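**Q** Using only what follows, build the 3D model:
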Amino acid sequence: LLDDNVPAHLRVSAFRNIRREQDRGRAAVVVEFEPRSGVMPNGDFERQAAAMAGTLWIDEASEHVIRVESCFRDDYSGTTRGSSLRIERTLFNNEIWLPSRAELAYRTNFVFGAASQWLAVVECTDHKKFKVETDSTIALPDAGR
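**A** The predicted model follows:
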């Protein structure tokens, strides 16, 4: 659940236990979420959101979601109940929140009865700021053609 997905979560999730905490030295608003009863999800992302519960950390100064910890309360599209996701972002150059770590504990059951479970961890480091300039010239066709 990152900033682009907030509208979907607002529609299908109930929020509770709102509080303030420090997260990596920054003031954050912490909100717990769970599926809202009686709401029919529209589209794949809302169906996924309606199967999840967890906690959001929102940076108070920038109003960006900086950490999400969530788990599947119900099965969703091959993902089994109990699978979890944790995403963290770090403020880079005091300008922009960039991904810093993601953990996915994925569980699935196969049609023939076997189960699979794996853990994926992605760490993003060494973010660098760069500038790109382009210069191009387009030659127009001859008018006599």
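**Q** Where does Pro7 sit, in terms of helix or strand?
**A** According to DSSP states H and E, Pro7 maps onto helix 6-12.
**Q** ok, residues contacting whatever helix or strand comes next after that helix?
**A** Per DSSP H and E, the first helix or strand lying C-terminal to helix 6-12 is strand 13-23. Strand 13-23 is contacted by residues 27-37, 49-50, 57, 59-60, 66-67 when judged by Cβ atoms under 8 Å, 6 or more residues apart in numbering. For glycine as for every other residue, the C-beta is placed from the backbone atoms N, C-alpha and C.
**Q** Low-confidence stretches in the protein?
**A** Within the chain, the stretches with pLDDT under 70 are 1-6, 113, 145.
**Q** in it, which spans are strands?
**A** Under the criterion DSSP state E, the chain contains strands at 13-23, 26-35, 52-59, 65-72, 84-92, 96-109, 115-123.
**Q** quick check, distance from the third one to the centre of its chain.
**A** Right, strand 52-59. Its chain's average C-alpha position is 10 Å from that of strand 52-59, according to Cα atoms, centre = their mean, to the nearest Å.
**Q** ditto for the fifth one
**A** For strand 84-92, the distance between its averaged C-alpha position and the chain's averaged C-alpha position is 8 Å (Cα atoms, centre = their mean).
**Q** re earlier: which strands or helices does the helix holding Pro7 pack on?
**A** Judged by 3 or more Cβ pairs under 8 Å, 6 or more residues apart in numbering; DSSP states H and E, helix 6-12 is in contact with helix 43-49.
**Q** Does anything pack onto the helix it packs on? Which helices or strands?
**A** Applying 3+ Cβ pairs under 8 Å, 6+ apart, we find helix 43-49 packed against helix 6-12.
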